[in-house]
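Q: no FASTA, just this:
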């Protein structure tokens with residue numbers, strides 16, 4: 001009888017500007033995510049985008065003290081007190097103040113498209129943006145300490161979409177870098193295969209960035225990941241043989257090939273405003 005398959009978690013930190021992971025930790029599936037947050041003192045003047053599983057009020061308070069910023073999805077279980085509520089136009093909604101969050105979000109009647117809230121727990125308070133999602137018939141909520149005068153509710157919504165780049169990286173990792181189920185019970189072998197898969201991804205992304213720099217365009221990483229046939233294997237072979245001259249030639253050819261074949265295609269209007277480039281343009285407008 002075969003043993004039940006085991007799972008691992010990959011805790012990754014990735015700067016959005018480089019799209020290149022800078023830290024990765026492998027842990028058993030049941031390990032808490034919060035332990036692997038980047039150190040708060042290293043994030044001055046930096047925005048941390050994180051999923052709901054990484055929420056830790058003490059960490060958020062410490063991050064704020066060190067001059068850092070955060071934006072993370074709020075879990076469904078949260079129920080802080082709402083100290084103040086405004087709508088998308090900044091109108092104060094007195095009837096929603098001084099109530100538990102769940103009571104505010106589940107109130108009967110017409111749902112407001114956007115709520116911009118000040119919420120508080122016993123020892124910490126911050127801003128929460130709640131946007132009504134018609135398809136799910138509920139509010140989607142984000143916690144942040146980004147200042148309201150500089151960042152609108154629309155800015156908050158678009159900023160959090162940038163975190164999707166991490167999800168795309170994992171999709172790229174699984175689909176095009178052989179990160180999948182391994183038929184072995186040897187933990188060291190599994191870990192080695194995971195790291196080998198990650199190194200493959202990092203090398204491909206490095207070459208894509210080099211090609212982007214050469215053609216002076218931002219190239220889509222996922223499109224590059226789907227086109228390694230013809231250029232990736234020769235590079236790995238030259239690396240294995242330590243053939244320096246051939247490796248230089250293989251890398252140069254790969255960069256030339258990626259720059260010519262992996263340019264961004266025209267997006268449909270329905271998706272255009274959600275692309276990474278268009279979100280950057282909105283935030284910099």
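A: That came through fine. Being a predicted model, the structure only gives us computed values, none of them experimental.

Q: Any stretches of the stretch 151-285 of the chain with poor pLDDT?
A: 266-275, 285 (pLDDT under 70).

Q: Spatially central residue for the protein, please.
A: Centroid-nearest residue in the chain, with Cα atoms, centre = their mean: residue 163, separated by 2.7 Å.

Q: which residue sits closest to that residue, ignoring its sequence neighbours?
A: Distances taken as Cβ to Cβ, 6 or more residues apart in numbering put residue 49 closest to residue 163, at 4.2 Å, once the chain neighbours are dropped. Glycine gets a C-beta too; all of them are placed from N, C-alpha and C.

Q: what's the answer for residue 175, then?
A: residue 225 (7.5 Å).

Q: coming back round to it: determine the three-state secondary structure at the residue nearest to residue 163.
A: Per DSSP: H, G, I helix; E, B strand; the rest coil, the secondary structure class of residue 49 is strand.

Q: in the strand ranked longest in the chain, what counts as buried?
A: With secondary structure taken from DSSP state E, the chain has its longest strand at strand 125-133. Taking 16 or more other Cβ atoms under 10 Å as the basis for neighbour counts, the residues of strand 125-133 that come out buried are 125, 126, 127, 128, 129, 130, 131, 132.

Q: Need the max-distance pair from these.
A: Of all pairs drawn from the buried residues of strand 125-133, the one with the longest distance (Cβ to Cβ) is 125 and 132, at 23.3 Å.

Q: picking that back up, wait, doesn't the residue nearest to residue 163 sit right on residue 72?
A: Yes. Counting by Cβ atoms under 8 Å, a contact exists between residue 49 and residue 72, whose distance comes to 7.0 Å.

Q: average model confidence for the one helix or strand residue 24 maps to?
A: Residue 24 belongs to strand 23-28 when assigned by DSSP states H and E. Per-region confidence: strand 23-28 scores 86 on mean pLDDT.

Q: Summarise which helices and strands it is packed against.
A: With contacts defined as 3 or more Cβ pairs under 8 Å, 6 or more residues apart in numbering; DSSP states H and E, strand 23-28 has these neighbours: strand 8-13, helix 187-215.

Q: which residues are in contact with it?
A: Contact partners of strand 23-28, identified using Cβ atoms under 8 Å, 6 or more residues apart in numbering, comprise 6-13, 36, 38, 191, 194, 198.

Q: With respect to pLDDT, which of those residues ranks lowest?
A: Sorting the contacts of strand 23-28 by pLDDT puts residue 6 at the bottom of the list (64).

Q: Now for residue 23, how many residues are close by?
A: Here the count is done by other Cβ atoms under 10 Å, and residue 23 has 10 residues near it.

Q: Going along the chain, name the strands of the protein.
A: Under the criterion DSSP E, the chain carries strands at the ranges 8-13, 23-28, 47-50, 69-73, 81-86, 99-100, 114-120, 125-133, 138-144.
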